[in-house]
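J.: below is the sequence, then the predicted model.
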Amino acid sequence: MTVQDVRAFNRFYTGVIGALDYGRHLYAPYTLTESRVLYELAQAPHLDAADLRTALGLDAGYLSRILNRFEDAGLVERGVSQRDTRRRRITLTASGREAAAMLDERARDTVGALLGGVAPGDRARLVEAMGTIRDVLGDRRGKGAEDVVLRRPRAGELGWIVQRNAVLYAAEYGWNAEYEGLVARIVADFAQEHDPRTERVWIAEADGRPVGCVMCVRDDAPGAARLRLLLVEPGARGRGVGDRLVGAVVEFAREAGYRELVLWTNDVLSSARRLYRRHGFVLVGERPHHSFGKDLVGQDWRLTLREPDG
């Protein structure tokens, strides 16, 4: 392979994906860089400006001008970072999320149209080739939470949630098919009837495949939402994926107007319990029970999102 080979491929691929869309039909009314900033902000509930600059390799002044324009347009809000008071936290507003969703939908439609012209038998070869390029030219410093995308589930992925919960909990805790049945009912209830304004499923994706999930659904108690089915694949653990999934649920529940967020878990899930505690959940009750073929101790956890009126 020569330099000219790489350059020829670059010219071909940028043309295929529309990176040189000077008419900006794909990104309008934003530039490609502005669109990428919106995309990154949509993937993380709270992102520091310094992290955003590093992730995108942008000049600090250039990024600052973009964020100033976004703030003037009502797309972002800036505040003090919870991790470091010297940093600035950037959060999308409702208008900003709408803009990011519009751009994401356009991109999906464009890629969908591109793949529509690829024979089904060639799609696996295409994905494998893309993975090879990323592996060979990718960052050798290791992957973290920033390499993971949180998104809505695609066709078939609600079934993936059931399958992976059943497989992992059987392998790691010896739970039987009773647990798979429970997960299947939870997922089926969501699929058949849910309010997208107040209920949501997130899929964590890395390297083009799902590596985690979580759900936020309306609870029976008035004003309460319930976090359900948090899962992170073993190969993706230690990268902050679970932290991002729980953070996404907390932010969504708060913005949806819920008064509190509740969850039920078991004491054997020690890593998950530490994660819940880190996000401010408080253990409010526990009770021994025999379920999924095991003697367990069930636990109820609660996070107050806003104080009752009056």
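T.: Okay, I see it.

J.: show me where the stretch 151-300 of the chain has its strands.
T.: 200-206, 209-218, 224-232, 260-266, 282-291, 294-304 (DSSP state E, counting those that start in this stretch).

J.: tabulate those strands (CSV), appending distance to Phe190, mean neighbour count and mean pLDDT.
T.: Placement of C-beta: from N, CA and C, glycine included. CSV is the format used below for the strands of the stretch 151-300 of the chain (distance: least, C-beta to C-beta, whole Å; neighbours: other C-beta atoms under 10 Å; pLDDT from 0 to 100):
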stretch, distance to Phe190, mean neighbour count, mean pLDDT
strand 200-206, 7, 21, 93
strand 209-218, 6, 21, 94
strand 224-232, 9, 22, 96
strand 260-266, 15, 19, 97
strand 282-291, 21, 11, 96
strand 294-304, 20, 16, 96
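
J.: distance check, Gly208 against Val167.
T.: 20 Å (C-beta to C-beta, to the nearest Å).

J.: ok so, going back, nearest to Val127, out of the strands of the stretch 151-300 of the chain?
T.: Between Val127 and these, the tightest spacing by C-beta to C-beta is seen for strand 209-218, at 9.6 Å.

J.: contacting residues around the closest one?
T.: By C-beta atoms under 8 Å, 6 or more residues apart in numbering, the residues outside strand 209-218 that reach it are 148, 153, 157, 160-161, 164, 186, 189-190, 194-195, 198-205, 224-233, 235-236, 241-242, 245-246, 248-249, 252-253, 261.

J.: thinking Arg97 is in contact with Ala42, fair?
T.: Yes. Using C-beta atoms under 8 Å, Arg97 is in contact with Ala42, at 6.5 Å.

J.: who's more crowded, these two?
T.: Between Arg97 and Ala42, Ala42 has the larger neighbour count (other C-beta atoms under 10 Å), namely 20 against 16.

J.: can you pull the pLDDT of the spatially closest residue to that one that is not a sequence neighbour?
T.: Nearest residue to Ala42 in three dimensions, chain neighbours excluded: Ala100, at 3.9 Å (C-beta to C-beta, 6 or more residues apart in numbering). What the model reports as pLDDT for Ala100 is 87.
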